[in-house]
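Undergrad: turn this into a model:
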Amino acid sequence: MRYATALCLTLAACFGAETAIPDTRAGDALRSWLEAFNSGDRARVAAHYNKYQPTQKDRIDSMMGFRDQTGGFQLIRVEKSEPLHMEALVKEREGSNFALVKVDVSDTDPPTVKQIGVRVVPRPADQPEAPRLTLSEAVKALEGKAADLAGQDKFSGAVLIARGEKIVLEKAYGSADRDKHVSNTTDTQFRIGSMNKMFTATAILQLAGEGKLDLAAPVGRYLRDYPNQDVATKVTIRHLLTHTGGTGDIFTPEYNKSRLETREIADYVKLFGSRGLEFEPGSKWSYSNYGFILLGAVIEKVSGGSYYDYVRKHVFEPAGMHATDSLPETEAVPKRSAGYMRKGGAWVSNADTLPWRGTSAGGGYSTVGDLFRFARALSSGKLVKPDLFTQMTSKQAGSPQMPAGAGYGFGMMVSEGPAGKSFGHGGGAPGMNGELRVYPRTGTVVAMLSNLDPPSATRLADFFSERMPVE
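TA: Have a look, this model is predicted:
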């Protein structure tokens, strides 16, 4: 996923005027920010920046974009109040996520905002959850929610809910191509962003299961000419699978300058191969798209072919995934949807942001049906040996930054909740958002794809997950 703050993008709420904010310098700044943000009015946002953040007026567009994505915040309570510092708990309107807003202001006259930060936090013990429903009730509620959001032009895509082998809901909403007036269907292929990481991890574990690679081996054992020796000798395959290698991102100014010339996995390695480590491998967790690029390079070296050919033959075909791939954007894919990102209050094409093609780190395309078939094939043991599947879908060490209950396995987000363990992965970038969540205890599969900005699909996945039966 492109955004380190992806979880923050699921917040959507409105300001609760019934909660009092202290009349301090920090309180006045927080009140101004919340009221401007929740108004959705560019003039009010600009007025806030003029008064409190005059040197950051170039962030008005960013704030408006965040407002478009979230809808605003409901203030629950002030958690900490000092003259120049304030922390407030907020909650989304259309789901159950909570966040802490921190504001620091200067001791000047007039005061200026030094920083405003928003961080997702676990649900407080005194805040009730949404009521659990029967499966049919939860499905009906999801249909209503999806239709409501689609009617507000906040969702365009497809949803699928399955229990065991039975699909209980598969439905599409909105437009696949607004210019050509083509509607989405359940066969529409949506770009899936970082969800490709699940396929990459599956391929690596297949090769490990066949004894062709060692998860504990350093990258340099397979990429013998790798330029940076710290990466080659210190970073293991396991580090890459778990985002604990310190290998960094790919969405940098260097990449932006050569986006359309960076076409194959080898091109990314050429671009970033001399770069050093961000931290000592294994010392902490930090989401790394480049780490999964390196896994793609390892797959190519060990298999003797291209990454794309390997996952087609060994992941997609055995799972029955005939609508999933990462063909270049220059190649016609008749059922691939156009993507739309929010800009200036309108939906515009995301074409100028897309990579040349998807990679082992993300950017391919799929359908909700194919994601369901992948979940079933993976869970049944068809793709990965049982002992490696267990490791893949279990929390690994090194992810203290994640919210309570969340963790990372091998190319899988892993969570614990009322419905037991769940695993899967999300994907998000301008004009695309997707979620796959598998709940082994109940055999439930949740697949959501959208051709709009995050959190269009994530919001719906959260909505259903919070209401689905836990047994």
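Undergrad: what about I60, distance to K154?
TA: 22 Å (Cβ to Cβ, to the nearest Å). C-betas here are computed from N, CA, C, even on glycine.
Undergrad: what is the neighbour count of the closest residue to P227 other than its chain neighbours?
TA: Residue nearest to P227 in three dimensions, not counting chain neighbours: G273, with 4.2 Å by Cβ to Cβ, 6 or more residues apart in numbering. As a burial measure, G273 scores 18 neighbours (other Cβ atoms under 10 Å).
Undergrad: these two touch, right, G273 and Q229?
TA: No - using Cβ atoms under 8 Å, G273 and Q229 do not qualify as a contacting pair, with a distance of 11.0 Å.
Undergrad: so for I60 and K154, which sits in the more crowded spot?
TA: For I60 and K154, the more surrounded residue by other Cβ under 10 Å is K154, and the numbers stand at 22 against 17.
Undergrad: for my notes, confirm that one occurs in a helix.
TA: No - according to DSSP: H, G, I helix; E, B strand; the rest coil, the state of K154 is coil, so it is not within a helix.
Undergrad: assumed A447 was part of a helix.
TA: No - counting by three-state DSSP, one finds A447 to be strand, located in no helix.
Undergrad: quick check: H314 touching A203?
TA: Yes - taking Cβ under 8 Å as the contact criterion, H314 and A203 are neighbours in contact, 6.3 Å apart.
Undergrad: doesn't G282 make contact with T244?
TA: Yes - between T244 and G282 there is a contact at 5.4 Å, judged by Cβ under 8 Å.
Undergrad: so between these two, which is more surrounded?
TA: Each of T244 and G282 had its neighbours counted (other Cβ under 10 Å), and the higher figure belongs to T244 (26 against 17).
Undergrad: burial of the nearest residue to L135 once chain neighbours are set aside, as a residue count?
TA: By the measure of Cβ to Cβ, 6+ apart, the closest residue to L135 outside its immediate chain neighbours is P469, 5.5 Å from it. Residue neighbour count, defined by other Cβ under 10 Å, stands at 16 for P469.
Undergrad: now stretch 188-201: buried residues?
TA: By neighbour count, with 16 or more other Cβ atoms under 10 Å as the criterion, the buried positions of stretch 188-201 are 188-201.
Undergrad: quick check, nearest of these to R336?
TA: Q189 (4.5 Å; Cβ to Cβ).
Undergrad: so which strand or helix has V414?
TA: Secondary-structure assignment from DSSP states H and E places V414 in strand 413-417.
Undergrad: could you do D28 as well?
TA: Take DSSP H and E as the rule and D28 turns out to sit in helix 25-39.
Undergrad: how far is that helix from where the chain is centred?
TA: Taking Cα atoms, centre = their mean, to the nearest Å, one finds helix 25-39 lying 28 Å from the centre of the chain it belongs to.
Undergrad: residues in contact with that helix?
TA: Judged by Cβ atoms under 8 Å, 6 or more residues apart in numbering, the contacts made with helix 25-39 from elsewhere in the structure are 14-15, 21, 44-45, 47-48, 51-52, 63, 66-67, 72-73, 75, 78, 81-86, 88, 101, 103-105, 107, 111, 113, 116.
Undergrad: which PyMOL command selects the buried ones in those?
TA: Selecting only the buried members of the contacts of helix 25-39 in PyMOL, with burial defined as 16+ other Cβ under 10 Å, works like this:
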select buried, resi 15+21+45+48+51+52+63+66+67+72+73+75+78+86+88+101+103+104+105+111+113+116
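Undergrad: tell me which of the contacts of helix 25-39 fall in strands.
TA: Among these, the members falling in strands are 75, 78, 81-82, 85-86, 88, 101, 103-105, 113, 116 (criterion: DSSP state E).
Undergrad: pipe those into a markdown table and attach distance to A29 per row.
TA: Shown next, in a markdown table, are the ones in strands among the contacts of helix 25-39 (distance: Cβ to Cβ, whole Å):
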| residue | distance to A29 |
| --- | --- |
| L75 | 14 |
| V78 | 13 |
| S81 | 12 |
| E82 | 12 |
| H85 | 10 |
| M86 | 8 |
| A88 | 11 |
| V101 | 11 |
| V103 | 5 |
| D104 | 9 |
| V105 | 5 |
| V113 | 5 |
| I116 | 8 |
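Undergrad: contacts for stretch 242-260?
TA: Contacts to stretch 242-260, defined as Cβ under 8 Å, 6+ apart, come from residues 2, 231, 235-236, 238-240, 262, 268, 271-272, 275, 277-291, 293-294, 355-356, 361, 396-399, 408-410.
Undergrad: the helix or strand of the chain with the lowest mean pLDDT vs helix 25-39, what angle?
TA: Taking mean pLDDT, DSSP states H and E as the measure, the helices and strands of the chain show their lowest mean at helix 60-70, namely a mean of 78. Compare the direction of helix 60-70 with that of helix 25-39 by axes from the mean of the first three to the mean of the last three Cα atoms, to 10 degrees and you get 70 degrees.
Undergrad: could you pull out the strands for the stretch 251-400 of the chain?
TA: 340-343, 346-349, 364-366 (DSSP state E, counting those that start in this stretch).
Undergrad: give me whichever of those is most buried.
TA: Comparing the strands of the stretch 251-400 of the chain by mean neighbour count (mean count of other Cβ atoms under 10 Å), strand 364-366 ranks first with a mean of 26.
Undergrad: let me know the average pLDDT across it.
TA: pLDDT averaged over strand 364-366 equals 97, rounded to a whole number.
Undergrad: mind putting the strands of the stretch 251-400 of the chain in TSV, distance to A150 included?
TA: Formatted as TSV, the entries for these read as follows, by distance: least, Cβ to Cβ, whole Å:
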stretch	distance to A150
strand 340-343	13
strand 346-349	13
strand 364-366	20
